[in-house]
Every structure is written in structure tokens, then in C-alpha cells.
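J.: with the sequence up front, the predicted model follows.
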There are 2 protein chains.
Amino acid sequence: MPITMDDIARLSGVNKSTVSRALAGNATVAPGTRARIEEIVRKHGYVVNQAARGLRMQRSMLIAVLIPLQHDRQQPLSDPFFMEMLGYLADSVTLHGYDLMLSKIATGSAQWLTKFQRSRRADGLILIGQSLEHAHIAEAAKTGIPLVVWGAKLPRQGYVTVGSDNIAGGSLAAAHLLAGGRRRIAFLGDPRLPEIAQRHEGYMRAHTQAGVRPDPNLTLKAGFAPDEARAAVELLLARGNAFDGIVAASDVIALAALQVLSARGMAIPREVAVVGFDDVGLAAHTQPALTTVRQEIRTGAQLLTKALLAKMEGGIARSSQIAPTLMVRESS
Amino acid sequence: MPITMDDIARLSGVNKSTVSRALAGNATVAPGTRARIEEIVRKHGYVVNQAARGLRMQRSMLIAVLIPLQHDRQQPLSDPFFMEMLGYLADSVTLHGYDLMLSKIATGSAQWLTKFQRSRRADGLILIGQSLEHAHIAEAAKTGIPLVVWGAKLPRQGYVTVGSDNIAGGSLAAAHLLAGGRRRIAFLGDPRLPEIAQRHEGYMRAHTQAGVRPDPNLTLKAGFAPDEARAAVELLLARGNAFDGIVAASDVIALAALQVLSARGMAIPREVAVVGFDDVGLAAHTQPALTTVRQEIRTGAQLLTKALLAKMEGGIARSSQIAPTLMVRESS
DNA sequence: TTGTACGCGTTATCAA
DNA sequence: TTGATAACGCGTACAA
């Protein structure tokens, strides 16, 4: 049985409230008493019980990163973009005295977000990606514990987002290929996701500006998982529509494309140029090195943390969009 | 102010203990009362407060992954090995109803591990790597909340580890290069870390078996951070001792070697063959693709979780070692 | 400067 | 089958 504040109090010959005050750095505690208490605390290695403290103070010093699982598929956490974001988030919340909590949540279940909020497991929460849950997020943001989202900025969304300017990003990618003379550029991604829809929008705009009409048959729905992405590329090939470029909605998808095309003996970038999205660490090392639209993940993590903390302190926070940049490498 | 169990009780016309029982699935609650309570709960979207529940039950349903920060350097969480491990851990603890908590801890501070245990922030904890803290870990494992470690198996260690057979791994790497005719093989890694020391031990043994005497000048201390690793390779080159192979203690270090050597115009693997350690996702995509010793991260995460849960349930757990395998690619 | 007493929101024990 | 009551370990008015 662990030692409690009451034990320390008894050993120090004071009341536990005095111990509490001493440990909290309260100035009203007499120097002598404080010294005595601290000595006993050190000697017994006493540490304040965070569960009790959390209940009393109504805060856990925990920030949750929620991972929405689509239709509770047994999908492992693997996308390097997500993992990199997680790493940077851990860094920035630690800087502010919080710990990070990771929770995989089945989005199928009703009210998953609100339920999490009410469970009071954390003081604030961060969602990576809107998934298909825009409405539910907007609803949840109104009432429960503070919430910020990495994702697309939508009109009148009712919650704070931090994210890249996805339209600009999609446009950057497509314009680059068009400038290189490509005229039949495929787009691979799931347009049901707001971020991807915007990247596709950018892809369309770049075509318009270049006076090129994109072939709708070249836009294919592709999930983020490597196997889904590969399947999409296979499908693209199977359809038989000629293409000389690919704008992928993420680096993982682009990588899948690189692999499938190489396996078919197609020359990259000569026959098909490929542009990814994210610029994960991997991107610079693929063969050929991947041209991609860089998202500022670290900055994003810092902005998310800042916005969340602002809301947690009762202030307001505004959504922000980060300008993406094109990293030209060998695949285009 | 959020709704509490008392509120639900009042609205249902019963005592809160009945509500608690109903929500816990306790069979002694009359079907009618239960239905009434559930209806009210649903209608108001009531969710049990986990802070209170945790205090009362003495468990948080949280498993902590502690990240030891050496001399509290502002180092970001970046090693892909660690991030991949984290992802798999999240998967496996979720399977058992727990959430993951990530905490960066300065190992400099006295008793950091014991302090964390006593804070009761989590029900169990996982350490990735022994760092330089073998003694403290052994001490902490005796008393506080259950604890398991990913790392090297040491004699009479007094705590449970899961890890690769590092001696075999180091041996695999060196033997492969020796078999390829290399005779002056460098080793890059920090031998103060138990895992790395064992990999180096394997490297030595392979040399002995091949009847080759390794040059001690070719063993260099290299940290896991990319810049430290690059500095080590630069140092190796600056020293001027000839070498025709490198055994790196991690893929990140191997990658740094690939970069530095390529920048110097050295041909890999013709002039220098490189073998890494980990087989992170990146390894298959470097240029040239990295030959490396594969650690079974996913299996490791599952074994760690299993061992920890066993201890948390009051049972016993044994250390386990996982056989590594050599993935031969283009860098050797 | 310190002590008393209460409450944070649950679950568990014991009666009824 | 349900209710009253006491913890769980702490922080904080308020009183002394």
C-alpha cells in the first residue's frame, strides 16, 4: 500500500492540509515546517497521487490524440505522416507540462467524440483528420472539453482547424507536372475526406489555369493504407486509360504507385511522373526520390498545441492554414 | 457543469448506487429499473467520469510508454524504430482495453522512474531501451507498478525484458560482410547502451569465427540522432583508417553513413558495404536499399504487452528474446 | 501559520 | 433488489 499525504502529515506532525500547501509551494507555510515536511517527503520518496489530484482539481494534465478507426477495421497505426505528427505533438505538449494520451476510437459508434469528452480522461483533445465526421466534430466542439483538429478548413465549420492550404498544395503538384509537359495526370486519393477533396480541387484548378481538361477517368479513389493504394494503381493500369503523371494524395500512396509502376517496368519519371503529398522522412529516400508537396508537420503540431491550450485556458483560438511547398526530387 | 451519476439517479428515481450497478452490468438490478436508467443515461448522454472511477478503483486503464530523455536535451521523438514500436504498442494495448500514454522524462532527475510509478498516472509502464539506467530500473521493478522493458537481456537483471537477440544480430551483420570478403569492418554505435554493447559483442564473435582480427580503431561511438551519426561517420573518414564495411547499430545510423559516403563519392557497396539494424520501413527504400538486421517490432510490442498485463494481473512474466533475421538488399 | 471539514464522482460494503 | 454510507487521496474555504 503506497504512502499517502496523510502519512507524510502524521510523520511530520502536521495536518495533511499543511503538507498539501507545502508541496504546492504555498508561501504561507513556515520555513521550518516546510523544511521538515520536505525532508520526510524526500526520505520516503512520496509523490502526489495524480488520480486523486486530478479528481479534485478537475484536470488530468493529459491531452488526448484520438485516432478514428474507420468501421473498426483492425488497422494498425502506420502512416508515417501520422507518426511524425504524433512525435512533434508529444514534444510540444511536453513543453507545456502535459502528457499525451493515444486512443484508438471506433468512429462507427454513436457519439464517440462526445462520449470521450464526457469521460474526462483528458483535458483537451486533438483530432488528426476530419475523417467523415465533420458534423459530429462541429457538434462536439460546442460543448465538451476543448478540441482542435488537424485538417481542412471548411466554410462555417464551427471548430478550430490547423492544416495545410490543401488547394494550394494540390495545385502546386498538378501545375508542376503540367509545366513539365504532362497532359494526362491521374489523381489518387479518397475525395470523401475534406483534405483530399481540397487537394483535388487544387489539381482541377491547375488544369484550368493551364487550359487543360483533366480526364475524369483518371481520378481514382485510393485509401491511405498501402494495400488499398496499390490496388488503386493496379486499377488505374487495368482501365487502360493512358496517363503520364500521377498526383497522389499522400506519400504512402505515391510510394505505392512507385512500386507498382516499377514492377511493371515503367520508367519514372520518363513515362510517368509522380508527385506525393506530405514529405515524410521516407520521401527523400525512395527510389527514385519522391517529388512531393511538403506539409509543415512540426509547425502544425505547435500550432495545434497552442490553439488547444488557448481554448483550455478559456481563451479563443483561430484556425490557421500553413502554406505548403513543393519539393522537387527525381520522380518528376 | 457536467452531469453526474447522482443526477442520473435523481432523474431515474433511484439511488446512485443502483445506477452504478446498472451501468456496471450487475445482474442484481431489476430489468425494469435497468431499462429506465439506461433510457435516461442515453437521453442525457451521460458517461462515467474516469477520473473518479480511476481514483475509486485504483486503476486508470492507462499504460505509459516512457521516453527517457538523456540529459534533458531538447531531442524530438524521431527515431522511426521508436515510432513504429509505439504504433504497434498502441494497437496491442487497445486490444486489451487500455489506452496508451506517452511521457517524455528527463532521466537526469533523481528517481525519475520510481517517481513516475508512485504518481499513479498509469497502471503499468513500458520502457523502450534501458538507456544507462539499468540499476534504477532493477530497483523500480521490485516495488512500484508493473514495468517491462524493451532491451537487452542481461544476467540477473531483476526485471522483465523483451528484445532481440542482439548478439546474434550483430553477428549476423558482421558475418555477412565477412562472407562477402570484407576484412576491415567498422562498427558504429554507442556501446554504453546494453543493446548496442551486445550487438558489438556479436560483431566481435563473427570476426573471431572468421579468423579475422577487427581493428579497434574502427569501432566508433555514434548516437542515434542523425546529426550525431553523421558526425561519427565523418570522424571515421577523418581518422584515415581504411575500411570496406560498416555495421551500424541502427538503421538511422546506417542511413547517415549512406548519405555521408555518397556525398564523398564513395561507391556503395563496391567500396564500402553497409549493414543496418532494425529494418524500419525506410530501410527498403533507401538508395541503395539497405541491407539490415530485422527486429520483429510488432511481435516485440505484443510480447511486451502480454508480459506487462500478466504482471498487472498479479501473475509472473518471463523475459523473451526474439531471433533477428538478416535482410539482404543492395547496400552489401 | 495551521487545523477542520467538506467535496471532487465514483464503487463497495453492509443493511434493509 | 435497493439504499445509505463510507472510502479512494487530495485541495481549499473557513475557522482558529
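T.: Cool, the structure landed.
J.: residue nearest the centroid of chain A?
T.: Taking CA atoms, centre = their mean as the criterion, residue A:128 is the residue nearest the geometric centre of chain A, at 3.4 Å.
J.: just give the nearest non-adjacent residue to that one, would you?
T.: Among residues not flanking residue A:128 along the chain, residue A:150 sits closest, at 4.9 Å (CB to CB, 6 or more residues apart in numbering or on different chains). To be clear about C-beta, it is placed using only N, CA and C from the backbone, and glycine gets the same treatment.
J.: so which strand or helix has residue A:127?
T.: Taking DSSP states H and E as the definition, residue A:127 sits inside strand A:124-128.
J.: where does residue A:329 fall, phi/psi-wise?
T.: phi -130, psi -140 (degrees, to the nearest 10).
J.: what separates it from chain B, distance-wise?
T.: The spacing between residue A:329 and chain B, counted by CB to the nearest CB, to the nearest Å, is 11 Å.
J.: give me the nearest residue to that residue, chain neighbours excluded.
T.: residue A:289 (3.8 Å).
J.: show me which residues of the stretch 51-200 of chain A sit near DNA strand D.
T.: A:51-53, A:55-57 (CB under 7 Å from any atom of the strand).
J.: could you pick out the buried ones from those?
T.: Buried members of those, scored by 16 or more other CB atoms under 10 Å in any protein chain shown, are A:51, A:53, A:55.
J.: so of these, which ones are in helices?
T.: Taking DSSP state H as the definition of helices, those contribute A:51, A:53, A:55.
J.: so what secondary structure elements neighbour the strand holding residue A:127?
T.: For strand A:124-128, the elements it packs on are strand A:62-69, helix A:80-95, helix A:112-119, strand A:147-150, helix A:297-312, judged by 3 or more CB pairs under 8 Å, 6 or more residues apart in numbering or on different chains; DSSP states H and E.
J.: tabulate the ones you listed (a markdown table), appending mean pLDDT and mean neighbour count.
T.: Shown next, in a markdown table, are the helices and strands packed on strand A:124-128 (pLDDT from 0 to 100; neighbours: other CB atoms under 10 Å in any protein chain shown):
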| stretch | mean pLDDT | mean neighbour count |
| --- | --- | --- |
| strand A:62-69 | 90 | 23 |
| helix A:80-95 | 93 | 23 |
| helix A:112-119 | 94 | 20 |
| strand A:147-150 | 97 | 26 |
| helix A:297-312 | 98 | 21 |
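J.: switch these over to JSON lines; also include distance to residue A:14.
T.: Listed next are the helices and strands packed on strand A:124-128 as JSON lines, based on distance: least, CB to CB, whole Å:
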{"stretch": "strand A:62-69", "distance to residue A:14": "31"}
{"stretch": "helix A:80-95", "distance to residue A:14": "34"}
{"stretch": "helix A:112-119", "distance to residue A:14": "36"}
{"stretch": "strand A:147-150", "distance to residue A:14": "42"}
{"stretch": "helix A:297-312", "distance to residue A:14": "34"}
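J.: wait, which of those is closest to residue A:193?
T.: strand A:62-69 (10.9 Å; CB to CB).
J.: how far off helix A:112-119 does that closest one point, in degrees?
T.: 160 degrees (axes from the mean of the first three to the mean of the last three CA atoms, to 10 degrees).
J.: strand A:62-69 near chain B at all?
T.: Yes: judged by CB under 8 Å from any CB of the partner chain, strand A:62-69 comes into contact with chain B at A:62, A:67.
J.: what's that strand packed up against?
T.: Here strand A:62-69 touches helix A:80-95, strand A:99-106, helix A:112-119, strand A:124-128, going by 3+ CB pairs under 8 Å, 6+ apart.
J.: one more pass at 6 Å, please.
T.: strand A:99-106, strand A:124-128 (3 or more CB pairs under 6 Å, 6 or more residues apart in numbering or on different chains; DSSP states H and E).
J.: for that strand, which outside residues touch it?
T.: With contacts defined as CB atoms under 6 Å, 6 or more residues apart in numbering or on different chains, strand A:62-69 is touched by A:93, A:98-107, A:122, A:124-127, A:131.
J.: go with 7 Å
T.: A:75, A:77, A:86, A:89, A:93, A:98-107, A:116, A:121-128, A:131, A:133, A:308, B:101 (CB atoms under 7 Å, 6 or more residues apart in numbering or on different chains).
J.: from the chain's centre, how far out does it sit?
T.: Distance, stretch centre to chain centre, for strand A:62-69: 9 Å (CA atoms, centre = their mean, to the nearest Å).
J.: angle of that strand against strand B:99-106?
T.: Using the same axes, to 10 degrees: strand A:62-69 against strand B:99-106 is 140 degrees.
J.: columns pLDDT on top of the ones in helices among the buried ones among the residues of the stretch 51-200 of chain A next to DNA strand D, output as TSV?
T.: Below are these laid out as TSV (pLDDT from 0 to 100):
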residue	pLDDT
A:51	97
A:53	98
A:55	98
